[in-house]
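Novice: With the input below, show me the fold.
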Amino acid sequence: MARSVRVCAVQFETVWGDKEESMRRAERAMMSLQRDQLDFVLLPEMAFTGYVFANKGEIAPYLERSGEGATFDFCRRHALCLNTCVAAGYPEVDEQGVMFNSLCVVDKTGSLRLNYRKRFLFEADKTWATPGDIFTSICIDGFNVGVGICMDINPEDFDMERDTFALASHCAQSKVDVLLLSTAWCRAEGESTELGSELEQLDEIDETHYYWVWRLTPLLSSDCVFVAANRTGVERGYMFVGSSVIMTLQPLARVQSLSMTAQDSIIAAVPLHKKSKHAARIKAALNLQ
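Specialist: Coordinates of the predicted model:
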């Protein structure tokens, strides 16, 4: 009998510089979650602080130490309440004052299991953050879990000539059961921050999902569940496109997804099947209407 992994992605609009209000919004989006019903709950990148900061001085008041501070406390509280693993992005500072865009992963006992530091930085990160060193995976409750933060799914500095699909390749080699991508996926600055028609929004959601699937190419023949938790809203000229999703990669299909603007959670119990030799064709397998 196949195991199932029970996963949740939380999507909401972060309020720049206001951790308390951002946490309230996250909790409203999580209201339907019940104890003992989930293995992993994933929140977005820089979940409670906002994402776009001009320099190190501007982000300094919002920095936290690994295993301390508001984000860890939030994850720990909800991990204990729900009896599940909770992960959320936050801006980290270490004992030497070095700053990182990080992901806090807290298990159901309330213990910090992983503090992952974003390896490939987006332009908005480079004003303050230092890149992390390595991709990593970890075993939690019998599941082999890979993690990434937003730009990690891309080539470093968008350099296609050196592209090795690094994050997905690492996860394929590590034979992960679940890949958690905490993200603040956005339209580039200078592009429109106005939503189009409902049909245009659906087209953009599809485009985002197609792109993520392409970046997961080394995993497409693997028995891996992909979970992306994105934020929504507009911040300092960047529009965050929501579209949080739970996907299976073999067979390739969307299990649950959210719109560009929803502030809510998606939940799925996904069976983990034996590996198949061949990946389905991307668009057909996504079963888009």
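
Novice: Quick check: which ranges of this protein have low pLDDT?
Specialist: For the chain, the stretches with pLDDT under 70 are 1, 188-202, 274-289.

Novice: Point to the residue nearest the middle of it.
Specialist: Taking CA atoms, centre = their mean, the centroid of the chain lies closest to residue 182, which sits 1.6 Å from it.

Novice: ok, it touching residue 45?
Specialist: Yes: Residue 182 is in contact with residue 45 according to CB atoms under 8 Å; the separation is 4.8 Å. Quick note: C-beta positions are derived from backbone N, CA and C, even for glycine.

Novice: Identify the contacts common to these two.
Specialist: 89, 103, 149, 150 (CB atoms under 8 Å, 6 or more residues apart in numbering).

Novice: what's near enough to touch the nearest residue to the third one once chain neighbours are set aside?
Specialist: When you say that, I think you mean residue 149. Leaving aside its sequence neighbours, residue 149 sits nearest to residue 118 (CB to CB, 6 or more residues apart in numbering; 4.0 Å). Taking CB under 8 Å, 6+ apart, we find residue 118 in contact with 45, 100-103, 125, 129, 131-132, 149-152.

Novice: From residue 266, how far off is residue 118?
Specialist: Distance, residue 118 to residue 266, using CB to CB, to the nearest Å: 23 Å.

Novice: where along the stretch 1-150 of the chain do the strands fall?
Specialist: For the stretch 1-150 of the chain, the strands defined by DSSP state E, counting those that start in this stretch cover 3-11, 40-42, 85-93, 99-106, 112-117, 137-140, 143-149.

Novice: The stretch 151-289 of the chain: strands as residue ranges?
Specialist: Along the stretch 151-289 of the chain, counting by DSSP E, counting those that start in this stretch, strands occupy 178-182, 186-187, 225-229, 232-235, 238-241, 245-249, 252-257, 264-272.

Novice: Counting neighbours, what do you get for residue 270?
Specialist: Applying other CB atoms under 10 Å, we find 25 residues neighbouring residue 270.

Novice: Confirm for me that it is in contact with residue 248.
Specialist: Yes: counting by CB under 8 Å, residue 270 touches residue 248, with 5.9 Å between them.

Novice: so what sits against both of the two?
Specialist: In contact with both residue 270 and residue 248: 225, 255, using CB under 8 Å, 6+ apart.

Novice: Mind listing what's buried along the lengthiest helix in the chain?
Specialist: In the chain, assigned by DSSP state H, the helix with the most residues is helix 198-215. By 16 or more other CB atoms under 10 Å, the buried positions in helix 198-215 come out as 201, 204, 205, 206, 208, 209, 212, 213, 215.

Novice: One more: stretch 30-42?
Specialist: In terms of neighbour count (16+ other CB under 10 Å), stretch 30-42 has its buried residues at 30, 33, 38, 39, 40, 41, 42.

Novice: Any chance of the contacts of residue 118 in CSV with neighbour count and distance to residue 254 as columns?
Specialist: Putting the contacts of residue 118 into CSV (neighbours: other CB atoms under 10 Å; distance: CB to CB, whole Å) gives the following:
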residue, neighbour count, distance to residue 254
45, 31, 21
100, 25, 31
101, 31, 27
102, 27, 28
103, 29, 23
125, 25, 28
129, 22, 31
131, 16, 31
132, 21, 29
149, 29, 22
150, 26, 20
151, 25, 22
152, 28, 21
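
Novice: Can you tell me which of those is nearest residue 235?
Specialist: Minimum distance to residue 235 across the contacts of residue 118 is 12.2 Å, recorded for residue 45 (CB to CB).

Novice: Good, wrapping up.
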